[in-house]
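1. below: sequence and its predicted model.
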Amino acid sequence: MKKVALVTGAGQGIGEAIAKRLHHDGFAVALVGRTLDKVEAVAKEIQNDHGDAIAIQADVANRDEVFAAVQKASDHFGDFNVMVNNAGVAPTTPIFEVTPEILEEAERINVGGTIWGIQAAATMFKKLGHAGKIINASSQAGMTGNPNLTVYGSTKFAIRGITETTAKELADDGITVNAFCPGIVVTPMMNDIAQQVADKAGKPFEWGMEQFAKDIALKRLSQPEDVAGCVSYLAGPDSNYMTGQSLLIDGGMVFN
Ligand SMILES: NC(=O)C1=CN([C@@H]2O[C@H](COP(=O)(O)OP(=O)(O)OC[C@H]3O[C@@H](n4cnc5c(N)ncnc54)[C@H](O)[C@@H]3O)[C@@H](O)[C@H]2O)C=CC1
Ligand SMILES: CC(=O)C(C)=O
(Lines give C-alpha, C1' and ligand atoms only; values in the text may rest on other atoms or scores of the structure.)
(Ligands and ions follow the chains in the order given, each with its own letter.)
Protein backbone atom coordinates (compact mmCIF):
# COMPACT_ATOMS: atom_id res chain seq x y z
CA MET A 1 0.00 0.00 0.00
CA LYS A 2 1.34 3.43 -0.91
CA LYS A 3 2.17 5.96 1.79
CA VAL A 4 -0.05 9.03 1.64
CA ALA A 5 1.12 12.66 1.54
CA LEU A 6 -0.88 15.89 1.55
CA VAL A 7 0.65 19.05 0.05
CA THR A 8 -0.95 22.47 0.53
CA GLY A 9 -0.53 25.15 -2.12
CA ALA A 10 0.01 22.38 -4.68
CA GLY A 11 -1.52 24.22 -7.64
CA GLN A 12 1.69 25.96 -8.71
CA GLY A 13 5.29 26.72 -7.88
CA ILE A 14 7.07 24.79 -5.18
CA GLY A 15 3.93 22.96 -4.00
CA GLU A 16 3.27 21.61 -7.47
CA ALA A 17 6.86 20.40 -7.72
CA ILE A 18 6.66 18.76 -4.28
CA ALA A 19 3.44 16.93 -5.20
CA LYS A 20 4.96 15.60 -8.43
CA ARG A 21 8.20 14.57 -6.70
CA LEU A 22 6.38 12.71 -3.93
CA HIS A 23 4.36 10.94 -6.63
CA HIS A 24 7.63 9.87 -8.26
CA ASP A 25 8.83 8.76 -4.81
CA GLY A 26 5.85 6.39 -4.68
CA PHE A 27 3.39 8.38 -2.58
CA ALA A 28 -0.31 8.77 -3.17
CA VAL A 29 -0.80 12.54 -3.06
CA ALA A 30 -3.62 14.82 -1.90
CA LEU A 31 -3.21 18.26 -3.47
CA VAL A 32 -4.80 21.10 -1.54
CA GLY A 33 -5.36 24.64 -2.77
CA ARG A 34 -7.64 27.64 -2.53
CA THR A 35 -8.42 27.39 -6.25
CA LEU A 36 -9.77 23.94 -7.05
CA ASP A 37 -9.14 24.00 -10.81
CA LYS A 38 -5.41 24.67 -10.26
CA VAL A 39 -4.90 21.66 -7.99
CA GLU A 40 -7.20 19.54 -10.17
CA ALA A 41 -4.97 20.26 -13.15
CA VAL A 42 -1.84 19.10 -11.31
CA ALA A 43 -3.65 16.08 -9.89
CA LYS A 44 -4.70 15.16 -13.44
CA GLU A 45 -1.08 15.32 -14.60
CA ILE A 46 -0.12 12.89 -11.82
CA GLN A 47 -3.03 10.57 -12.64
CA ASN A 48 -2.02 10.63 -16.31
CA ASP A 49 1.41 9.52 -15.13
CA HIS A 50 -0.21 6.47 -13.50
CA GLY A 51 -0.12 8.07 -10.05
CA ASP A 52 -2.73 8.26 -7.29
CA ALA A 53 -3.80 11.84 -6.65
CA ILE A 54 -6.84 13.78 -5.51
CA ALA A 55 -7.51 17.52 -5.53
CA ILE A 56 -9.10 19.16 -2.48
CA GLN A 57 -10.22 22.76 -2.14
CA ALA A 58 -9.34 24.35 1.20
CA ASP A 59 -8.17 27.65 2.63
CA VAL A 60 -5.32 26.80 5.01
CA ALA A 61 -6.25 29.81 7.15
CA ASN A 62 -9.53 28.03 7.94
CA ARG A 63 -8.90 25.41 10.63
CA ASP A 64 -12.04 23.43 9.86
CA GLU A 65 -11.17 23.25 6.16
CA VAL A 66 -7.67 21.99 6.93
CA PHE A 67 -9.02 19.26 9.21
CA ALA A 68 -11.62 18.35 6.57
CA ALA A 69 -8.92 18.10 3.89
CA VAL A 70 -6.81 15.74 5.99
CA GLN A 71 -9.88 13.63 6.76
CA LYS A 72 -10.81 13.48 3.06
CA ALA A 73 -7.29 12.42 2.10
CA SER A 74 -7.26 9.68 4.76
CA ASP A 75 -10.75 8.47 3.82
CA HIS A 76 -9.89 8.42 0.11
CA PHE A 77 -6.53 6.64 0.31
CA GLY A 78 -7.05 4.62 3.52
CA ASP A 79 -4.04 6.03 5.33
CA PHE A 80 -2.19 9.29 6.06
CA ASN A 81 1.57 9.61 6.55
CA VAL A 82 3.10 12.95 5.51
CA MET A 83 1.83 16.54 5.78
CA VAL A 84 3.56 19.30 3.79
CA ASN A 85 2.46 22.76 4.95
CA ASN A 86 3.68 24.59 1.85
CA ALA A 87 0.96 27.18 1.10
CA GLY A 88 1.85 30.77 1.84
CA VAL A 89 1.65 34.40 0.79
CA ALA A 90 4.47 36.93 0.58
CA PRO A 91 3.41 40.59 0.85
CA THR A 92 6.13 43.08 0.01
CA THR A 93 6.07 45.67 2.79
CA PRO A 94 8.65 48.31 3.55
CA ILE A 95 8.14 48.96 7.28
CA PHE A 96 6.18 52.19 6.77
CA GLU A 97 3.74 50.39 4.46
CA VAL A 98 2.71 47.66 6.89
CA THR A 99 -1.01 47.82 7.68
CA PRO A 100 -3.09 45.77 10.17
CA GLU A 101 -4.84 44.10 7.24
CA ILE A 102 -1.59 43.03 5.53
CA LEU A 103 -0.18 41.75 8.81
CA GLU A 104 -3.33 39.84 9.74
CA GLU A 105 -3.70 38.11 6.37
CA ALA A 106 -0.09 36.92 6.28
CA GLU A 107 -0.28 35.65 9.85
CA ARG A 108 -3.61 33.89 9.27
CA ILE A 109 -2.34 32.07 6.19
CA ASN A 110 1.37 31.47 6.86
CA VAL A 111 1.36 30.99 10.63
CA GLY A 112 -2.22 29.85 11.17
CA GLY A 113 -2.11 27.56 8.14
CA THR A 114 1.01 25.89 9.49
CA ILE A 115 -0.43 25.44 12.98
CA TRP A 116 -3.75 24.03 11.69
CA GLY A 117 -1.84 21.71 9.36
CA ILE A 118 0.28 20.40 12.24
CA GLN A 119 -2.78 19.99 14.45
CA ALA A 120 -4.79 18.18 11.78
CA ALA A 121 -1.93 15.88 10.72
CA ALA A 122 -0.88 14.94 14.26
CA THR A 123 -4.52 14.29 15.19
CA MET A 124 -4.88 11.96 12.19
CA PHE A 125 -1.59 10.12 12.87
CA LYS A 126 -2.73 9.42 16.45
CA LYS A 127 -6.21 8.36 15.25
CA LEU A 128 -4.61 5.93 12.79
CA GLY A 129 -2.30 4.66 15.52
CA HIS A 130 1.02 5.30 13.79
CA ALA A 131 3.81 7.85 13.48
CA GLY A 132 4.04 10.47 10.75
CA LYS A 133 6.03 13.33 9.26
CA ILE A 134 5.19 17.01 9.18
CA ILE A 135 7.15 19.34 6.89
CA ASN A 136 6.72 23.12 7.02
CA ALA A 137 7.72 25.81 4.53
CA SER A 138 9.92 28.46 6.08
CA SER A 139 12.45 30.43 4.02
CA GLN A 140 15.87 32.01 3.97
CA ALA A 141 13.76 35.03 4.93
CA GLY A 142 13.01 33.11 8.11
CA MET A 143 16.73 32.95 8.86
CA THR A 144 17.91 36.46 8.03
CA GLY A 145 16.22 39.84 7.66
CA ASN A 146 15.30 40.77 4.10
CA PRO A 147 14.56 44.48 3.55
CA ASN A 148 10.94 45.06 2.41
CA LEU A 149 9.84 41.66 3.80
CA THR A 150 9.22 42.49 7.46
CA VAL A 151 5.74 40.95 7.57
CA TYR A 152 6.60 37.94 5.44
CA GLY A 153 9.89 37.33 7.18
CA SER A 154 8.27 37.50 10.60
CA THR A 155 5.90 34.68 9.59
CA LYS A 156 8.79 32.58 8.27
CA PHE A 157 10.82 33.11 11.46
CA ALA A 158 7.67 32.11 13.35
CA ILE A 159 7.33 28.90 11.34
CA ARG A 160 10.86 27.86 12.37
CA GLY A 161 9.91 28.40 15.99
CA ILE A 162 6.67 26.48 15.57
CA THR A 163 8.64 23.66 13.96
CA GLU A 164 11.05 23.43 16.90
CA THR A 165 8.38 23.62 19.60
CA THR A 166 5.96 21.13 18.05
CA ALA A 167 8.83 18.76 17.24
CA LYS A 168 9.47 18.51 20.99
CA GLU A 169 5.77 18.15 21.82
CA LEU A 170 5.17 15.39 19.27
CA ALA A 171 8.42 13.42 19.51
CA ASP A 172 7.05 10.87 22.00
CA ASP A 173 4.38 9.95 19.43
CA GLY A 174 7.03 9.29 16.78
CA ILE A 175 5.91 12.33 14.81
CA THR A 176 8.75 14.36 13.27
CA VAL A 177 8.39 18.05 12.42
CA ASN A 178 10.94 19.76 10.17
CA ALA A 179 11.09 22.82 7.94
CA PHE A 180 12.55 23.51 4.53
CA CYS A 181 13.99 26.98 3.89
CA PRO A 182 14.29 27.73 0.18
CA GLY A 183 16.41 30.60 -1.03
CA ILE A 184 15.42 32.36 -4.22
CA VAL A 185 13.19 30.11 -6.32
CA VAL A 186 11.71 30.99 -9.70
CA THR A 187 7.97 30.87 -8.98
CA PRO A 188 5.01 33.25 -9.34
CA MET A 189 5.54 34.32 -5.71
CA MET A 190 9.18 35.28 -6.20
CA ASN A 191 8.50 36.96 -9.52
CA ASP A 192 5.79 39.05 -7.86
CA ILE A 193 8.10 40.10 -5.02
CA ALA A 194 10.88 41.08 -7.43
CA GLN A 195 8.45 43.09 -9.56
CA GLN A 196 7.05 44.94 -6.55
CA VAL A 197 10.51 45.75 -5.19
CA ALA A 198 11.58 46.96 -8.64
CA ASP A 199 8.43 49.05 -9.10
CA LYS A 200 8.90 50.78 -5.75
CA ALA A 201 12.45 51.70 -6.78
CA GLY A 202 11.51 52.66 -10.34
CA LYS A 203 13.75 49.92 -11.66
CA PRO A 204 13.24 46.98 -14.05
CA PHE A 205 12.15 43.52 -12.88
CA GLU A 206 15.70 42.12 -13.26
CA TRP A 207 17.00 44.69 -10.73
CA GLY A 208 14.31 43.59 -8.30
CA MET A 209 15.32 39.94 -8.55
CA GLU A 210 18.98 40.89 -8.15
CA GLN A 211 18.24 42.44 -4.76
CA PHE A 212 17.52 38.92 -3.49
CA ALA A 213 19.82 36.80 -5.67
CA LYS A 214 23.11 38.59 -4.96
CA ASP A 215 23.79 36.57 -1.79
CA ILE A 216 23.67 33.19 -3.53
CA ALA A 217 27.16 31.64 -3.43
CA LEU A 218 26.54 29.53 -6.53
CA LYS A 219 25.08 32.53 -8.38
CA ARG A 220 22.16 30.44 -9.57
CA LEU A 221 18.44 30.96 -8.91
CA SER A 222 16.71 27.77 -7.78
CA GLN A 223 13.91 25.94 -9.52
CA PRO A 224 10.91 24.46 -7.67
CA GLU A 225 12.29 20.96 -8.37
CA ASP A 226 15.42 21.80 -6.34
CA VAL A 227 13.25 22.45 -3.29
CA ALA A 228 11.17 19.34 -3.96
CA GLY A 229 14.35 17.30 -3.62
CA CYS A 230 14.82 18.55 -0.06
CA VAL A 231 11.20 17.79 0.79
CA SER A 232 11.62 14.33 -0.74
CA TYR A 233 14.41 13.71 1.78
CA LEU A 234 12.32 15.02 4.69
CA ALA A 235 9.35 12.86 3.62
CA GLY A 236 11.45 9.73 3.20
CA PRO A 237 12.98 7.16 5.60
CA ASP A 238 16.47 8.72 5.57
CA SER A 239 15.21 11.57 7.78
CA ASN A 240 13.42 9.35 10.30
CA TYR A 241 15.68 10.42 13.16
CA MET A 242 15.66 14.13 12.41
CA THR A 243 13.17 16.52 13.95
CA GLY A 244 12.91 20.19 14.80
CA GLN A 245 15.35 21.13 12.05
CA SER A 246 15.20 23.90 9.44
CA LEU A 247 17.08 23.01 6.27
CA LEU A 248 18.45 25.96 4.27
CA ILE A 249 18.72 25.05 0.59
CA ASP A 250 19.41 26.77 -2.74
CA GLY A 251 22.84 27.76 -3.78
CA GLY A 252 24.51 28.07 -0.43
CA MET A 253 23.21 31.51 0.37
CA VAL A 254 25.91 33.57 2.04
CA PHE A 255 24.39 36.18 4.25
CA ASN A 256 26.38 39.34 4.81
N1 LIG B 1 9.59 31.26 -4.21
C2 LIG B 1 10.55 31.47 -3.35
O3 LIG B 1 11.59 32.09 -3.67
C4 LIG B 1 10.43 30.98 -1.93
C5 LIG B 1 9.22 30.43 -1.44
N6 LIG B 1 9.19 30.00 -0.12
C7 LIG B 1 7.96 29.42 0.45
O8 LIG B 1 7.60 28.26 -0.30
C9 LIG B 1 6.18 28.12 -0.30
C10 LIG B 1 5.68 28.05 -1.73
O11 LIG B 1 6.12 29.23 -2.38
P12 LIG B 1 5.88 29.46 -3.96
O13 LIG B 1 5.61 28.17 -4.65
O14 LIG B 1 6.98 30.34 -4.41
O15 LIG B 1 4.52 30.33 -3.92
P16 LIG B 1 3.38 30.55 -5.01
O17 LIG B 1 2.69 31.82 -4.60
O18 LIG B 1 3.91 30.45 -6.39
O19 LIG B 1 2.39 29.32 -4.72
C20 LIG B 1 1.77 29.27 -3.46
C21 LIG B 1 0.49 28.48 -3.59
O22 LIG B 1 -0.16 28.49 -2.31
C23 LIG B 1 -1.53 28.79 -2.51
N24 LIG B 1 -2.12 29.45 -1.34
C25 LIG B 1 -1.88 30.70 -0.90
N26 LIG B 1 -2.65 30.97 0.17
C27 LIG B 1 -3.41 29.87 0.39
C28 LIG B 1 -4.41 29.54 1.34
N29 LIG B 1 -4.82 30.43 2.25
N30 LIG B 1 -4.96 28.31 1.28
C31 LIG B 1 -4.58 27.41 0.34
N32 LIG B 1 -3.63 27.66 -0.60
C33 LIG B 1 -3.07 28.89 -0.56
C34 LIG B 1 -1.56 29.71 -3.73
O35 LIG B 1 -2.83 29.68 -4.36
C36 LIG B 1 -0.48 29.09 -4.61
O37 LIG B 1 -1.01 28.10 -5.45
C38 LIG B 1 5.62 29.34 0.46
O39 LIG B 1 5.33 28.97 1.80
C40 LIG B 1 6.77 30.34 0.43
O41 LIG B 1 6.74 31.19 1.56
C42 LIG B 1 10.28 30.10 0.72
C43 LIG B 1 11.47 30.63 0.25
C44 LIG B 1 11.61 31.10 -1.10
C1 LIG C 1 9.88 34.56 -1.07
C2 LIG C 1 10.95 34.19 -0.13
O3 LIG C 1 10.77 33.34 0.74
C4 LIG C 1 12.26 34.80 -0.21
C5 LIG C 1 12.49 36.00 -1.02
O6 LIG C 1 13.16 34.27 0.44
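-> Cool, got the structure. Ligands and ions are numbered 1, 2, ... in the order given.
2. close to ligand 2: what parts of the chain are there?
-> A90, S139, Q140, A141, N146, I184, M189, M190, I193, F212 (CB under 6 Å from any ligand atom). The way it works is simple: take the backbone N, C-alpha and C, and place the C-beta from them, glycine included.
3. can you flag which of the residues you listed belong to helices?
-> M189, M190, I193, F212 (DSSP state H).
4. could you check how many residues crowd around the first one?
-> A total of 17 residues lie near M189 under the criterion other CB atoms under 10 Å.
5. you'd agree it is up against A90?
-> Yes - here M189 reaches A90: they are 5.2 Å apart, a contact under CB atoms under 8 Å.
6. helix, strand or coil for whichever residue of the stretch 51-200 of the chain sits closest to ligand 1?
-> Ligand 1 sits closest to G88 of the stretch 51-200 of the chain, with a gap of 2.8 Å, by CB to the nearest ligand atom. Here G88 takes the coil state, with states given by DSSP: H, G, I helix; E, B strand; the rest coil.
7. so it is in contact with N110, correct?
-> Yes - the pair G88 / N110 is scored as a contact, 4.7 Å apart, by CB under 8 Å.
8. what sits in contact with each of these two?
-> Listed contacts common to G88 and N110 are T155; contacts here mean CB atoms under 8 Å, 6 or more residues apart in numbering.
9. between these two, who's got more neighbours?
-> N110 (30 against 26).
10. can you tell me, leaving aside adjacent residues, what's nearest to that one?
-> Distances taken as CB to CB, 6 or more residues apart in numbering place T155 nearest to N110, at 3.7 Å, with adjacent residues excluded.
11. residue contacts, the one you found?
-> By CB under 8 Å, 6+ apart, the residues touching T155 are G88, A106, E107, N110, V111, G142.
12. what do you get for G113?
-> T8, V60, A61, V66, N85, A87, G88.
13. at 6 Å instead, please
-> V60, A61, A87 (CB atoms under 6 Å, 6 or more residues apart in numbering).
14. how near is it to L31?
-> Noted for G113: a distance of 15 Å to L31, by CB to CB, to the nearest Å.
15. and for D238?
-> To L31, D238 is 24 Å away according to CB to CB.
16. which one's more surrounded, the two?
-> Set D238 next to L31 and count neighbours by other CB under 10 Å: L31 wins out with 31 against 10.
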